[in-house]
Every structure is written in C-alpha cells, then in structure tokens.
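any chance you can model this:
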Amino acid sequence: MKRIGFFFILFTIESVLLSPARAADPRYPDWPCVQPKVPELSATSMWDGPSIADVGASWQDDPKVKDLVDLIAARRTPLDAAKKAISEFITGTPAEKQKKAKEVFAGVFDTLSAQRSEVMDGLERVARKEMDLAGKIEFDVGNLHTLEDKTDADQAKVKTLASEIEWSTRIFEDRRKTIRYVCDVPTTIEQRIFALARAIQQTLN
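Numbering: from 1, shown residues only. So this is what the prediction gives:
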C-alpha cells in the first residue's frame, strides 16, 4: 500500500475519533452515535394511563400477561398484530381492564427498556474496541513509515506490517458501519414502546 493510502487511513480514523458525536456530551465519552445518549427512559413520558408504580415486576407472575408482553415487545411482531393482540386481551370490567392495561404496559416498558440498555451498552463496548483498534493502526502506520525510511529496509517485514494494517483497517471500517446502523436501534425501541403504550391506552378509552 502506498504511503498516501496510510495518510488517508489516519485521516479517516482521526475523523471518527474527533467526530461531533464523541464531543457532544463529555459525560459519555464512549458514546459513538450522533443521536444524544439518554441512559434511561421515563415511563411517564410515554404513558398517559394510570400509574404503574404499584405494578413493579408483578406482571411476570401472570403467564398470560407475560406471554402477551413477549409477543408484542418482539420487534418481529408487526404493530397491527400487536394492537390486535392487545385489544383481545384487555377486556372485562373497567377495573379489570385497567389492571390488565397497567400490567401489560409495565411489562412492555421493562422488557424493551432492558433491550435498549443492552443495545446501548453493546454500542459503547464496540466503540471502545474501535478506539483501541484506531490506536493500534496509528501505531503500526508509524512503525511502517520508520521501516520504509530505512535504506536497508526489510521488505518482508514491511509487507507483513502493511498487510496487518490493511486487515485492521478493514475491521475498523466494518465496525464503523455496524455502529452507524445500530445507532438507530435505541430510537426504534423507544418508538415501539410509545406505539404500544398508545395502543394499550386506547383499550381503556
């Protein structure tokens, strides 16, 4: 690989490490996304129904509620199918419907919030690995330049190190693309919580 190629690699890496996403909030130095990091969601910001403060984890004690939550929280379940399942489950007297609605929303919120946290933790783990790899690439490029500048450069070592840098750079770029894609997932989860909350509330109105 020509030296100009390595300068391009370093420019790309520095652009990632100094991106606005990393500088946006010093509280979260490992957060790699353009979207602001909101560590925890508030149930009250998504739910206008009766308070779920008294529900806690009790929704897990009812197998029917748990099965419904598993079904509708799964992103592979179309929202229309989720809404239909909700309307078929939340029936009975007003008191019964309210109890079911609270338990179902509490289950949805707990389940999807946990998934969202897992995704965000994973993003930061990958971002840390990306930072470490960027440092390694920069170090290796510096060593390669030193080798190349020697009048009696060992071409075998030069070739081996250049190959390592190319492979590391490929991994770096693949992770970078993955991060960009996964950065949308927390927002997608938030939107699903909100959509399911509205569907549950509609059964009470």
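
below-threshold pLDDT in this protein: ranges please.
1-24 (pLDDT under 70).

quick one, helices of it?
Assigned by DSSP state H, the chain shows helices spanning 3-17, 20-23, 63-73, 79-89, 94-149, 155-182, 185-202.

which one of those lies nearest to Ser45?
Set against Ser45 and scored by CB to CB, the helices of the chain come closest in helix 185-202, at 8.8 Å. Where C-beta positions appear, they are placed from N, C-alpha and C, glycine not excepted.

in the closest one, what's buried?
Neighbour counts using 16 or more other CB atoms under 10 Å place Val185, Pro186, Ile189, Glu190, Arg192, Ile193, Leu196, Ala197, Ala199, Ile200 of helix 185-202 among the buried residues.

state the distance from Ala85 to Val104.
10 Å (CB to CB, to the nearest Å).

residues shared between the contacts of those two?
Shared contacts of Ala85 and Val104, defined by CB atoms under 8 Å, 6 or more residues apart in numbering, are found at Leu68, Ile72.

tell me the phi and psi of Pro50?
Dihedral pair for Pro50: phi -60, psi 150, per degrees, to the nearest 10.

contacts only, for it.
Gln98, Ala101, Lys102.

which of the residues you listed sits closest to Glu118?
Lys102 (24.7 Å).

how close does Pro186 sit to Asp121?
11 Å.

ok, now Cys183?
Distance from Cys183 to Asp121, by CB to CB: 14 Å.

cool, and Ala101?
Ala101 is 30 Å from Asp121, by CB to CB.
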